[in-house]
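**Student:** Pasted the sequence and its predicted model underneath.
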Amino acid sequence: MSAFIGRREERREFAELLRRKQASLVTCQGRRRIGKSRFIEECARAAGAFISLSGLPPREGIGRQDQLAAFSEQLARQTKAPRVILDSWPDALDLLASQLPERGPVVVLLDEISWMAIGDRDFAGHLKNAWDRSFSKRAGLVFVLCGSVSSWIETNILNNTGFVGRCTWRFHLKPLPLADCVAFWGKRAAKTSAAEKWRVLAVTGGVPGYLEQIIAHKSAEENISRLCFHPGGMLFRECDRIFHDIFSRKARTYRDIAGALVGGPKSLRQIGLAIGRERGGSLGDALRELEMAGFIRKERFFNPLTGTSAPRDHIFRLADNYLRFHLRYVEPVREQVEKGFYQRTPLESLGAWDSIMGLQFETLVLDNLEEVFSRLGLSRRVILNAGPYSQARTLRREGCQIDLLIRTRQSLYIAEMKFRRRTGPEVLDEVQRKVACLRLPKGQSFRTVLIHSGELDPSVEASDYFDFILNADDWLES
């Protein structure tokens, strides 16, 4: 097993749970391949015992008895429990409780819990009763409920009145920060250019399960071709598994929503028009599920004058680099890939590569705002609002798009992002026009920020227009 990378703060939090004298009920959520199970397994190394039980993936005809049989088999392999036919979840959970060691810290993981619940509408109730009856009384127990279907955990555990006051901690694993992503290149990180790393991250994002597939001595093109444009590549069919395993019968609709966001953010109305769906409850529910699963991001625009947001003043952005790349470039040529026609495809030959790379770069920066805050000399304590901003055009003012707007009590930071081989002096006019259009609070200072990757024309820095110039390539130093 490869060395575990990242999650230092989360591991510290888990270690504190292991030191508690009481039992802890914990949830762990995150997108597929984000490393939830591996994270729990790594944290459980400090415990005296670890039992990991997982639900079976959805398939036609699968039901409660299949899940119970798998539970019994897994439990028997890891403990002294007999291999028995279980008739109900209360019996299964009582059998699990009987196999816990009498003392010392112990971790129990119920993984892919929404799958485990297939075929039993009362599964969450059985779990709650078992917690009250047995598990909550076992000092030093950390009982983890984990899954990729975040909406199931939200509905049945976190927002379930039966579990009120029972959940001790919630882990929601996000993509790894850039500094941790670099570690996947190992000793070759120092030999690999920032441009190469950005190309790989444009496809994988900060998802550990994808980054583990990197062959460090191969180029970005070779890695991407092998993973995405080869019929045997792990990422070639990953999109199918994401939508089938997580969203099941709703897969087609959810895939269409993600596809509508490939070219850039959209409002609820625009998404509805793009996929031919009325803006209503079902579309709103679908967007919430995609957001909870980590694939899209709801961005509320705040008023620079007040910091407040209007209820409908928001957009939805595809927040997953892998999905954007796959839906934009791999899905349309699926048949050719299966025939072996698309191997060794130069990335620059892909249509609209530069504009898509710009969106991928923005996603990575927005996933790493702590890095931005740190390099601007800001701490979270002084930040009132932060995010992309859009000002609508009216009869009195021009519209403008701000890649990142940061608001503190004293200043507004107006940040422009550029991912180019060379950023030239035209960026000065571009940002000056945006600032001129922007409605700014009276008496409040503003600071201009350029976040770029690639070469910067010397005239940009010489102009002394930007208060901060952040070279994002530095963030990928080993």
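**Tutor:** Done, it's in.
**Student:** use CA for all of it now, contacts and neighbours both
**Tutor:** Noted.
**Student:** could you pull out the strands for the stretch 201-350 of the chain?
**Tutor:** 296-300, 314-318 (DSSP state E, counting those that start in this stretch).
**Student:** Tell me which residues of the last one come out buried.
**Tutor:** In this case it means strand 314-318. The neighbour-count check on strand 314-318 (16 or more other CA atoms under 10 Å) flags 314-318 as buried.
**Student:** Stretch 331-342 too?
**Tutor:** If you call a residue buried by 16+ other CA under 10 Å, then stretch 331-342 has these buried ones: 334, 337, 342.
**Student:** From those residues, which one has the minimum pLDDT?
**Tutor:** Across the set of the buried residues of stretch 331-342, Tyr342 stands lowest in pLDDT, at 75.
**Student:** show me the contacts for it.
**Tutor:** Remark: with contacts taken as CA atoms under 8 Å, 6 or more residues apart in numbering, Tyr342 is in contact with 229-230, 336.
**Student:** export the strands of the stretch 201-350 of the chain to CSV and tack on mean pLDDT and distance to Arg188?
**Tutor:** Formatted as CSV, the entries for the strands of the stretch 201-350 of the chain read as follows, by pLDDT from 0 to 100; distance: least, CA to CA, whole Å:
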stretch, mean pLDDT, distance to Arg188
strand 296-300, 92, 32
strand 314-318, 92, 31
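**Student:** Of those, which is nearest Leu145?
**Tutor:** For those, proximity to Leu145 was assessed by CA to CA; strand 296-300 is nearest, at 23.1 Å.
**Student:** Near the residue lying closest to Glu154 once chain neighbours are set aside, how many residues? Count them for me, please.
**Tutor:** Here the nearest residue to Glu154 in space, its sequence neighbours aside, is Asn160; by CA to CA, 6 or more residues apart in numbering that works out to 7.9 Å. When neighbours are counted by other CA atoms under 10 Å, Asn160 registers 14.
**Student:** now do Arg138
**Tutor:** A count of neighbours around Arg138, defined by other CA under 10 Å, yields 21.
**Student:** show me the contacts for the spatially closest residue to it that is not a sequence neighbour.
**Tutor:** Ranked by CA to CA, 6+ apart and with sequence neighbours excluded, the top spatial neighbour of Arg138 is Ala23, at 5.8 Å. For Ala23, the contact set (CA under 8 Å, 6+ apart) comprises 135-143.
**Student:** how about a cut-off of 6 Å?
**Tutor:** For Ala23, the contacting residues are 136, 138-142, by CA atoms under 6 Å, 6 or more residues apart in numbering.
**Student:** would you turn the residues you listed into a markdown table with secondary structure, distance to Asn471 and pLDDT?
**Tutor:** A markdown table is the format used below for the contacts of Ala23 (DSSP: H, G, I helix; E, B strand; the rest coil; distance: CA to CA, whole Å; pLDDT from 0 to 100):
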| residue | secondary structure | distance to Asn471 | pLDDT |
| --- | --- | --- | --- |
| Ser136 | helix | 50 | 97 |
| Arg138 | coil | 51 | 96 |
| Ala139 | coil | 50 | 95 |
| Gly140 | coil | 47 | 95 |
| Leu141 | strand | 46 | 97 |
| Val142 | strand | 43 | 98 |
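**Student:** Serialize these to TSV and add fields for distance to Lys80.
**Tutor:** As requested, these are exported to TSV (distance: CA to CA, whole Å):
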residue	distance to Lys80
Ser136	22
Arg138	19
Ala139	21
Gly140	20
Leu141	19
Val142	20
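**Student:** ok, Pro90 - contacts?
**Tutor:** Remark: with contacts taken as CA under 6 Å, 6+ apart, Pro90 is in contact with His126.
**Student:** same thing but at 8 Å, please
**Tutor:** With contacts defined as CA under 8 Å, 6+ apart, Pro90 is in contact with 126-127, 130.
**Student:** Just want to check the distance between it and Leu127.
**Tutor:** Distance, Pro90 to Leu127, by CA to CA, to the nearest Å: 8 Å.
**Student:** before we move on, the earlier item: most neighbours among the contacts of Pro90, please name it.
**Tutor:** Neighbours were tallied for each of the contacts of Pro90 (criterion: other CA under 10 Å), and the maximum of 20 neighbours falls on Ala130.
**Student:** now that one, what's its secondary structure?
**Tutor:** helix (DSSP: H, G, I helix; E, B strand; the rest coil).
**Student:** So what touches stretch 210-225?
**Tutor:** The set of residues external to stretch 210-225 that reach it, using CA under 8 Å, 6+ apart, is 33, 181, 184-186, 188-189, 196-197, 199-200, 203-204, 227, 235, 343-347.
**Student:** Would you mind stating the distance between the residue lying closest to Lys80 once chain neighbours are set aside and Arg77?
**Tutor:** In this structure, Lys80 finds its nearest non-sequential neighbour in Gln99, 7.1 Å apart by CA to CA, 6+ apart. In this structure, Gln99 and Arg77 are 12 Å apart, going by CA to CA.
**Student:** So if I had to pick from those two, which one is more boxed in?
**Tutor:** Neighbours around Gln99 and Arg77, counted as other CA under 10 Å, are more numerous at Gln99. The numbers are 15 against 12.
**Student:** residues touching that one, list them.
**Tutor:** Residues 79-81 are the ones in contact with Gln99 under the rule CA under 8 Å, 6+ apart.
**Student:** on that earlier part again, save the buried residues of strand 314-318 as JSON lines, and put in distance to Val435 too.
**Tutor:** Listed next are these as JSON lines, based on distance: CA to CA, whole Å:
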{"residue": "His314", "distance to Val435": "21"}
{"residue": "Ile315", "distance to Val435": "21"}
{"residue": "Phe316", "distance to Val435": "24"}
{"residue": "Arg317", "distance to Val435": "23"}
{"residue": "Leu318", "distance to Val435": "26"}
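**Student:** that older thread, dihedrals phi and psi, the residue nearest to Glu154?
**Tutor:** When quoted as degrees, to the nearest 10, the phi and psi of Asn160 stand at phi -90, psi 120.
**Student:** What residues of stretch 282-293 count as buried?
**Tutor:** Along stretch 282-293, the positions that meet the burial threshold by neighbour count (16+ other CA under 10 Å) are 283, 286-293.
**Student:** so of those, which ones are in helices?
**Tutor:** For the buried residues of stretch 282-293, the ones inside helices are 283, 286-292, with DSSP state H as the criterion.
**Student:** May I see these organised as JSON lines, with distance to Lys266 and pLDDT added?
**Tutor:** What follows is these, written out as JSON lines (distance: CA to CA, whole Å; pLDDT from 0 to 100):
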{"residue": "Leu283", "distance to Lys266": "14", "pLDDT": "91"}
{"residue": "Ala286", "distance to Lys266": "15", "pLDDT": "91"}
{"residue": "Leu287", "distance to Lys266": "12", "pLDDT": "93"}
{"residue": "Arg288", "distance to Lys266": "15", "pLDDT": "92"}
{"residue": "Glu289", "distance to Lys266": "17", "pLDDT": "91"}
{"residue": "Leu290", "distance to Lys266": "14", "pLDDT": "94"}
{"residue": "Glu291", "distance to Lys266": "14", "pLDDT": "93"}
{"residue": "Met292", "distance to Lys266": "18", "pLDDT": "90"}
